[in-house]
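Trainee: Need coordinates for the following:
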Amino acid sequence: MPTIRIEQDVFDGLKQLAEPFVDTPSAVIRRLLAEKGILEKMPPRAKPAPAPAPEERALTPVLTPQPVYEQFLLVTLAQDFDGRGDKRGVTQAVIERMVKQGFIAPADLELVATGETRAENTITWGRNALKNRGLIARGSRRGMWELTEEGLEAARGAELPKPERR
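Mentor: The predicted structure is shown next:
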């Protein structure tokens, strides 16, 4: 797709002709060219699909949010592994703790493209988020998850969430 540059006053004129949140500069130019007979008019845009009915929303799988996994990961690493453990063991311990406390929904146990469950996958993403926040060490050897001093401190003050009724 070609890129063009236009002067500010031309751009301001296009904005006056545009329908906010609908038209792009290209759509306004297309409409003007169609009025001149240079281009064919485009068919009107399809309306967005209506929101799902309540009974359809009930079929949408309920997944445990990643921040919940992060809290359990912090606490499990600190309490069960003294701040350092292998990925497989820590992941399994987090899932067991979450199951006991009613946090793992059936949708969390479905397999994803990597061959692991959504829960296992989300724990891995949660570990990355904690690492980016400086709570899990970056320099640990492959497959080892280790809390930093900040991570240990955060785990000491962490309260695990209470399960909601599903």
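Trainee: what ranges do the helices span in the chain?
Mentor: 8-17, 25-35, 54-57, 66-81, 87-100, 118-132, 149-157 (DSSP state H).
Trainee: which stretch among those helices comes nearest Pro106?
Mentor: Closest of the helices of the chain to Pro106 is helix 118-132, at 10.1 Å (criterion: CB to CB). All C-beta spots, glycine's among them, are computed from the backbone N, C-alpha and C.
Trainee: Identify, out of the helices of the chain, the most deeply packed stretch.
Mentor: helix 66-81 (a mean of 21; mean count of other CB atoms under 10 Å).
Trainee: coming back round to it: would you list the helices of the chain in CSV and tack on mean pLDDT and distance to Arg142?
Mentor: Listed next are the helices of the chain as CSV, based on pLDDT from 0 to 100; distance: least, CB to CB, whole Å:
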stretch, mean pLDDT, distance to Arg142
helix 8-17, 84, 51
helix 25-35, 83, 48
helix 54-57, 60, 41
helix 66-81, 95, 17
helix 87-100, 95, 9
helix 118-132, 95, 13
helix 149-157, 92, 19
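Trainee: Can I get those helices in CSV including distance to Leu111?
Mentor: Below are the helices of the chain laid out as CSV (distance: least, CB to CB, whole Å):
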stretch, distance to Leu111
helix 8-17, 48
helix 25-35, 42
helix 54-57, 24
helix 66-81, 17
helix 87-100, 14
helix 118-132, 8
helix 149-157, 30
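Trainee: Point to the residue nearest the middle of the chain.
Mentor: Centroid-nearest residue in the chain, with CA atoms, centre = their mean: Gln66, separated by 8.3 Å.
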